[in-house]
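Peer 1: Predicted model, plus sequence, below.
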Amino acid sequence: MSDIPAASRPVVLTGDRPPGPLHLGHFCGSLRNRVTLQHGHDTFVLIADAQALPDNADDPGRITGHVIDLALDYLAVGIVPNLTTICVQSALPALCELTQLFRNLVTVARLERNPTIKEEIQARGFGRDVPAGLLCYPVAQAADIAAFRATLVPVGADQAPMIEQTHAIVQRPNRQVGHALLPEARALIPASGRLPGVDGRAKMSKSQGNALALSAADDDIRAAVRRTDTDSDYLRVSDPGRVEGNVVFTDLDAFDPDRDTVAEMKAHDRRGGLGDTVVKQRLRPCCSICSRRSV
Ligand code: TRP
């Protein structure tokens, strides 16, 4: 525990949209940072149910049904309620009020240029028929960050444009009053980059069906590790393997605390003679980051 006095502690805020269980990609992307930061910071985690509405407007029950699941994932991964305040976005009407004010400080053109929003519009095939709530969610996110007076926002790389947008918004009232009325937040993005999906695609994501949930049962973990893409050019065990770009090694780098053993295995693989099964056997327990049963 830190000895920084509570009043002068920096504020950390981040959040996740339900539904959908958190997966290993979230763990590498920001959960791990949150668990560390809760010591020595005033830490808040927002279950962003309102932000999930544009995708679930026809069936909002899909969101409400998963709010508790998300909270359970937080607890299972090591977020401690005594150190981190877990809040539900829709239960805080002030966030809506601030969003409404902030909407006047941003243009539609600026929102349309946001690369993450562009990707989301494209992935869902909306074209010009994008729900206004989806286009505007960076404004709501700026309101979340400003309302909590957060200065540090641990997020995955895809959320960096939201923090930039927050900057652009809070600068306007700050300039008007001539002092830092609203703090400028900084994104904390892990240096390790995005975790690839089990199919070898660049990003682990539930919507692409290539994610392994943190709450996965042993059988699901076994199946996902079996499926995990390895070195596809590899013919015989005695052939030298390819370590770079091999998802199993990327995962071991991300999750195996025994760096020396991983380094030895990589060297062995480059020389040849190390079968996929051995590497995957090592990976399997490393994917059991947490267990719902321990909550
Ligand atoms: N946009 C985030 C996500 O996609 C969730 C989120 C909502 C958030 N409000 C936030 C993240 C404030 C950081 C800070 O999961």
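Peer 2: Nice, I can see it.

Peer 1: Quick one: name the residues of this protein near the ligand.
Peer 2: Applying Cβ under 6 Å from any ligand atom, we find that the chain lies next to the ligand at 13-17, 46, 48, 51, 141, 144-145, 153, 155, 159. Where you see a C-beta, it was placed from the backbone N, CA and C, and this is true even at glycine.

Peer 1: quick one: which of those sit in strands?
Peer 2: When DSSP state E defines the strands, the subset of these inside them is Leu13, Thr14, Gly15, Asp16, Leu46, Val153.

Peer 1: now the residues you listed in JSON lines, with neighbour count and pLDDT?
Peer 2: Formatted as JSON lines, the entries for these read as follows, by neighbours: other Cβ atoms under 10 Å; pLDDT from 0 to 100:
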{"residue": "Leu13", "neighbour count": "27", "pLDDT": "98"}
{"residue": "Thr14", "neighbour count": "28", "pLDDT": "97"}
{"residue": "Gly15", "neighbour count": "23", "pLDDT": "96"}
{"residue": "Asp16", "neighbour count": "20", "pLDDT": "95"}
{"residue": "Leu46", "neighbour count": "25", "pLDDT": "98"}
{"residue": "Val153", "neighbour count": "25", "pLDDT": "97"}
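
Peer 1: Looking at the residues you listed, which one is closest to the ligand?
Peer 2: Proximity of these to the ligand was ranked by Cβ to the nearest ligand atom; the top entry is Gly15 with 3.4 Å.

Peer 1: Might one say that the closest one is in contact with Asp144?
Peer 2: Yes: A contact is recorded between Gly15 and Asp144 when judged using Cβ atoms under 8 Å, the distance being 6.6 Å.

Peer 1: quick one: common contacting residues for the two?
Peer 2: Taking Cβ atoms under 8 Å, 6 or more residues apart in numbering as the contact criterion, the residues that touch both Gly15 and Asp144 are Leu46, Ala48, Gln89.

Peer 1: Tell me the gap between stretch 12-24 and the middle of its chain.
Peer 2: The gap between where stretch 12-24 is centred and where its chain is centred comes out at 6 Å by Cα atoms, centre = their mean, to the nearest Å.

Peer 1: again, but for stretch 136-151
Peer 2: Going by Cα atoms, centre = their mean, the spacing between the C-alpha centre of stretch 136-151 and its chain's C-alpha centre is 16 Å.

Peer 1: Likewise for stretch 104-122?
Peer 2: Per Cα atoms, centre = their mean, the displacement of stretch 104-122 from the mean C-alpha position of its chain is 20 Å.

Peer 1: Tell me the buried residues in that stretch?
Peer 2: Of all the residues in stretch 104-122, those buried under the rule 16 or more other Cβ atoms under 10 Å are Val106, Leu111, Asn114, Thr116, Ile117, Glu120, Ile121.

Peer 1: what's the closest of those residues to Asn56?
Peer 2: Checking the buried residues of stretch 104-122 against Asn56 with Cβ to Cβ, the nearest one is Glu120 at 13.6 Å.

Peer 1: these two touch, right, the closest one and Leu135?
Peer 2: No: using Cβ under 8 Å, Glu120 and Leu135 do not qualify as a contacting pair, with a distance of 9.5 Å.
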